[in-house]
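Novice: kindly return the folded structure for what I paste below:
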Amino acid sequence: MMDYGAIYPEIILILFAVAIPALHMLIKSSRALAGISLVGIAASIGMVVYYMLNGYPSIIGNPDAPLLSFDALAAVFSLVFLSVAFVVVLASARYVEKDRHLAEYFTLIMMATAGMMLVSSAQDLLTIYIGIEIASMATYALVAFRKKDKRGSEAAVKYVIIGGMSSALSLYGISLLFGVTGTTNLIGINAALASQGVDLAALMALALLLAGFGFKIAIVPFHMWAPDVYEGATAPISAFLAAGSKKMGLVVLFKVFIVGLIAIKADWDIVVGIVAVLTMTIGNVIALSQTNMKRMLAYSSIGQAGYMLMAIPLATVVGDYAITGGIFHIITHAFMKGGAFIVVAAMAYVAIGESIADYKGLGKRAPFMAFSMTMFMFALAGIPPLSGFMSKVVLLSASVQAAEVTQWMIWLGVALVLNSALSLYYYVRVIKYMYVEKGETDAKIKVPVTLTVAIAICLVATIGLGLFFDPVLELCSEAARTLFPALGA
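Specialist: Modelled structure (predicted):
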């Protein structure tokens, strides 16, 4: 009899997601529904932690060609997705209380999270594709949650069209790769390519997969949808997309390139490196001119994706150390970017606009909100001793190590440093408005407790991961190593 332990955390989430619409018939309060959702997410977190402490469950599928494997990598990413979902649900408890379809809102967040977790466990391209589609369908609906909001509806239409294109490209790439190798299992694909080499069809498949999955994380040149979608969606959902959905795309690229295509790394390492540099540079340069907080954070998120993407070419030389840096930056980014978007949500809740100029005088009106946003901005810029600095240090050291073998990889580190310096301008501009510029009024702002607690969680994580990073780095290292033993590394 097959053991389904590998998907117990997802099953817990799905059971709660299915139960919430029924419970909504009895309970009309958004706070009560959010509380039930938080219990489900916490139960799933408990299941993941139990596996981490007591051993991971057996794989699902053929041992030589598994479909799902809940290992250290899946556990770490599942905790990231669940943590983001927890913070977003907590922030949403009051944010959406006046909206209709509350049960569907919380259900969709949990279903999207379950899809992301499925992707982190997947060992087969088709299983990865199914997980992506589960998450994507839910996030399409979440972006369009406020149907009467023209910006939200427009953003959802763009998101669906671009998402459909990315699904088509990735599925076509999968079919081509299956035609070349005779399998959709990642380990089997790598073994087949190692024995038979590369032909035009394999290169086309590689390009289609990079484009299809690249849309999900908004890498250049597949990034233009992100600012419109993040601006049009409600701020908590923007946080969910930037801190959660984007990380799903990155774990897919880690698996596809490091497990499935490492045998032909000479054919893609420079290309992925160039894409990483272009992504971080274009994202940061365009962010300089933004006046809307959501759009600025969206372009900043594109730039941050470039930092994470550079781990893939670096891993072809220094192995799991580069992926460790990539995973660590994914974790730190989830909290600092999620926290920044939730501060925007808190300000929107009290009728402060989304323009950066609307944040004038916030240091006096809402000291905790302004302090939190300052910490998130400094962390995103990579200022010590915050978490963003430590994760960038690991990526930079991986670049220096890789350059000893492959000289051009030092330019990945140079691009990281230059872009971090460039980004400081638009992050500090927000801080200047909050503390130096004088607002129209000094009236104090009262933010709901749930939003404040959600921001506090992100703030503690952002500071804590910068000061006490050793245990988390060890966890990231264990997760990164799971990508390499199957290859005999």
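
Novice: just give the number of residues close to Val271.
Specialist: Val271: 13 surrounding residues under other CB atoms under 10 Å. The C-beta positions use only the backbone N, C-alpha and C, and glycine is treated the same way.

Novice: check it and give its pLDDT.
Specialist: With respect to pLDDT, Val271 scores 91.

Novice: in which helix or strand does it reside?
Specialist: helix 269-287 (DSSP states H and E).

Novice: for the helix or strand following that helix, name the packing helices and strands.
Specialist: Next helix or strand after helix 269-287 toward the C-terminus (DSSP H and E): helix 293-309. Applying 3 or more CB pairs under 8 Å, 6 or more residues apart in numbering; DSSP states H and E, we find helix 293-309 packed against helix 200-217, helix 225-232, helix 235-240, helix 246-254, helix 269-287, helix 320-349, helix 410-435.

Novice: identify whichever of those helices lies nearest to Gln123.
Specialist: Closest approach to Gln123 among the helices and strands packed on helix 293-309 (CB to CB): helix 246-254, 11.9 Å.

Novice: buried stuff in the helix holding Val271?
Specialist: The neighbour-count check on helix 269-287 (16 or more other CB atoms under 10 Å) flags 269, 272-273, 275-284, 286-287 as buried.

Novice: got the angle between that helix and helix 293-309?
Specialist: Angle, helix 269-287 to helix 293-309, by axes from the mean of the first three to the mean of the last three CA atoms, to 10 degrees: 160 degrees.

Novice: low-confidence stretches in the stretch 101-250 of the chain?
Specialist: Counting by pLDDT under 70, the stretch 101-250 of the chain contains no low-confidence range.

Novice: and if we set it to 80?
Specialist: 101, 146-149, 197 (pLDDT under 80).

Novice: list of residues touching stretch 123-138?
Specialist: The contact list for stretch 123-138, computed with CB atoms under 8 Å, 6 or more residues apart in numbering, reads 59, 61, 65-69, 108-109, 111-119, 122, 163, 167, 170-171, 174, 177-178, 184-187, 189, 216, 245, 248, 252, 255-256, 259-260.

Novice: ok, stretch 63-70 next?
Specialist: 5-7, 9, 51, 56-57, 59-61, 118, 121-124, 127, 183, 185, 187-188.

Novice: one step back: what helices or strands is the helix holding Val271 leaning on?
Specialist: With contacts defined as 3+ CB pairs under 8 Å, 6+ apart, helix 269-287 has these neighbours: helix 200-217, helix 293-309, helix 311-318, helix 410-435.

Novice: tell me the angle the second one makes with helix 410-435.
Specialist: Note on geometry: by the same axes, to 10 degrees, helix 293-309 and helix 410-435 are set 160 degrees apart in direction.

Novice: direction-wise, compare helix 293-309 with helix 320-349 and give the angle.
Specialist: 170 degrees.

Novice: if I pick Val229, what's in contact with it?
Specialist: Val143, Ala155, Ala156, Lys158, Tyr159, Ser238, Leu241, Ala298.
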